[in-house]
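>>> Have a look at this fold, sequence not included:
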């Protein structure tokens, strides 16, 4: 036997303060009513820091600071100068990448391999990419603005953007929101999720280090009430939300009838379709990456495996063998593949849906794996014999749980893949190029991956159909959400 | 074994009887997606193997080395020195294991055999007009028989890449079958020369062809063409031996050769073996490294782990 010795990344590279205030107008301030909450390490339940909870007055201060910065500094600033700040932020993120990766893994529970190799490099790439757009907005294809301040038909920003982000990719979602907003000339007030605020607060320090003008980026921490105060604030011109479909609907209702522009990136129940001529070994890797990446806490996760009946046994056998190799445990160990579930509440939800899967008659399987005693853990799990009528085939589990369904013909695969209220992403595995195109044409999903899964790039737009939301983030398309066009 | 597995066995043994059957079978294997295979190999390369795991991996890697010299300039003195090193890689440390085998040209086999006699180190000889294989079949077979007669207990043959790339699978198959017969009791390693096969689909097909024809090992390269062993090629070959055992019950070994020079690289390969085919292959009987300079790097890292300091290259023997 070849046992890998523990290979923990050092947590001493990051300095976590005992408590954090709100980042408003360029400085950290205490909240008006002094409320706070704790952020814990989901792998050990240890308290990491005390975090300020922003109330209505704090949100109001942050929005006013953002408005002031928009009117006086950031809005009038030429795009090439905004770009300099964004490039500088991107470089600092690269320089401090190890620190950011360790902090992300501590606060979120995701394996260091992913925060180091996926999250943080993508964060830097997003800032670099949108920095490049800041002085080229008139070439983005959206035309000029009606009241161009700089002449030459430069499209105009919207103003103050209220941004509410989830806990699954805390820093990456921040980058997806802040980079295009700032490049287009908006200022922002961002609320990170209450279970994962730490990297956003470290990002606030990076903004200070980059000498970003005060008020351009404001970070208000808190839970649902803080988020509600922010999106409902009358001083906000734009609302961007990534999170659950339920909250997304509530935000859409709150924003209806106002001048605010809205983009929503919500839940998903993606089909990962494996045809009988697929490259099986690579498809299995794609299935694993599709559902077990980031503990399955991924809105575009390939949570429904649709496999052609003629190869189903073979694919499942390979999948189970591969799942037995997954290493579950300490997120800071460089050899960990699956880390901790982000919170007790999320673990309860995953358990509830998994129990419903068994109760409704699907067959549950997990590889033998020892889970740590403390913290929130869930073994990688697959359900076979799942039908479209099962809850685990319809509801978003947002955990390392895969529902396996079979199909007989390409038409049936498309029909089942589309038979969901969601439409964020999908995967196609086949050696036939023509079948990839035929299938992708018929899938109602914002992102379709062919012979790969969970591939992200700042140049590529990302977003959903139906109850997965509207608007696109990333690429040239991502600028539209932050321009008055 | 279940009834279906047994019937699958007899089906495969019939494949070599017709070109059509071979072609249908080999082209019916699942394809390999190049991007996905390379991504998986790269991902396995990011495992962090430290302390006790590293020590274990280094000793295992030393035991898996086929210590090789395949030069026109090889002499009896040179190969005797190499064989002596194979027996005692680190003269300063008796706890250091011996390597898996010494690998030389047929003409050098008798000199190596004198040194290795009575030891557990195997004696491998390349044969079949290595490295090109471009010689008449009876010459290749005579080459093989001579090497075995001189004392080689492992034969590293090359496949007929020209025939393979032209789609004449039967010809490639038949050559392996008769070479295996010529080997007698000696183990047969079949070199696919993956750098010339170019695609992973070809690597998978050639792997199956070599195993169907009776090869005991499949080996990536001669080391004589620009592209030798790579992680993704070895991954595809490992998947092939895994699937072949599942289908037939017979286990076949894998030998990446050429270009593996550092301990870090060797450990990446061992991680790949561990996570692709499992502990059954983590043994010198089933996995080998065809290498020469790798051994000294393994020894340096081994010394570093036990003493805590790096010793200079002068403290390790050159051969």
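Noted; the coordinates are in hand. Owing to the predicted nature of the structure, the values given are computational and were not obtained by experimental measurement.

>>> shaky segments in the stretch 1-150 of chain B?
B:1-10 (pLDDT under 70).

>>> closest point of it to chain A, which residue?
residue B:36 (3.0 Å; C-beta to the nearest C-beta). Backbone N, C-alpha and C define where each C-beta goes, glycine included.

>>> My guess is that residue contacts residue A:285. True?
Yes. Applying C-beta atoms under 8 Å as the test, residue B:36 and residue A:285 come out as touching, 5.8 Å apart.

>>> And the next helix or strand past the helix or strand containing the residue of the stretch 1-150 of chain B closest to chain A?
For residue B:36, the host element (DSSP states H and E) is helix B:34-44. On the C-terminal side of helix B:34-44, the closest following helix or strand by DSSP H and E is helix B:51-63.

>>> The stretch 101-250 of chain A: strands as residue ranges?
In the stretch 101-250 of chain A, the strands defined using DSSP state E, counting those that start in this stretch lie at A:160-164, A:187-191, A:217-219, A:238-242.

>>> which ones are touching residue 297?
Assuming you mean chain A. A:110, A:167-168, A:341-342, A:346, A:398-399 (C-beta atoms under 8 Å, 6 or more residues apart in numbering or on different chains).

>>> that's the other chain; I wanted chain B
Residue B:297 touches B:261-263, counting by C-beta under 8 Å, 6+ apart.

>>> hmm, back to that, determine the set of other helices and strands touching the helix holding residue B:36.
helix A:280-292, helix B:231-248, helix B:263-276 (3 or more C-beta pairs under 8 Å, 6 or more residues apart in numbering or on different chains; DSSP states H and E).

>>> so it versus helix A:280-292, what angle?
Relative orientation of helix B:34-44 versus helix A:280-292 (axes from the mean of the first three to the mean of the last three C-alpha atoms, to 10 degrees): 60 degrees.

>>> re earlier: deepest of the helices and strands packed on helix B:34-44, which one?
helix A:280-292 (a mean of 25; mean count of other C-beta atoms under 10 Å in any protein chain shown).

>>> and that one, does that touch chain B?
Yes. Shown here: helix A:280-292 in contact with chain B (C-beta under 8 Å from any C-beta of the partner chain) through A:280-283, A:285-286.

>>> tell me which of those is nearest to chain B?
For these, the nearest to chain B is residue A:282 (3.0 Å; C-beta to the nearest C-beta).

>>> re the thing from before, next, format the strands of the stretch 101-250 of chain A as CSV and append mean pLDDT, mean neighbour count and distance to chain B.
CSV is the format used below for the strands of the stretch 101-250 of chain A (pLDDT from 0 to 100; neighbours: other C-beta atoms under 10 Å in any protein chain shown; distance: least, C-beta to the nearest C-beta, whole Å):
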stretch, mean pLDDT, mean neighbour count, distance to chain B
strand A:160-164, 98, 28, 32
strand A:187-191, 98, 28, 32
strand A:217-219, 98, 29, 32
strand A:238-242, 98, 25, 26
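
>>> Let me have those strands in JSON lines, extended by distance to residue A:307.
JSON lines is the format used below for the strands of the stretch 101-250 of chain A (distance: least, C-beta to C-beta, whole Å):
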{"stretch": "strand A:160-164", "distance to residue A:307": "36"}
{"stretch": "strand A:187-191", "distance to residue A:307": "40"}
{"stretch": "strand A:217-219", "distance to residue A:307": "44"}
{"stretch": "strand A:238-242", "distance to residue A:307": "30"}
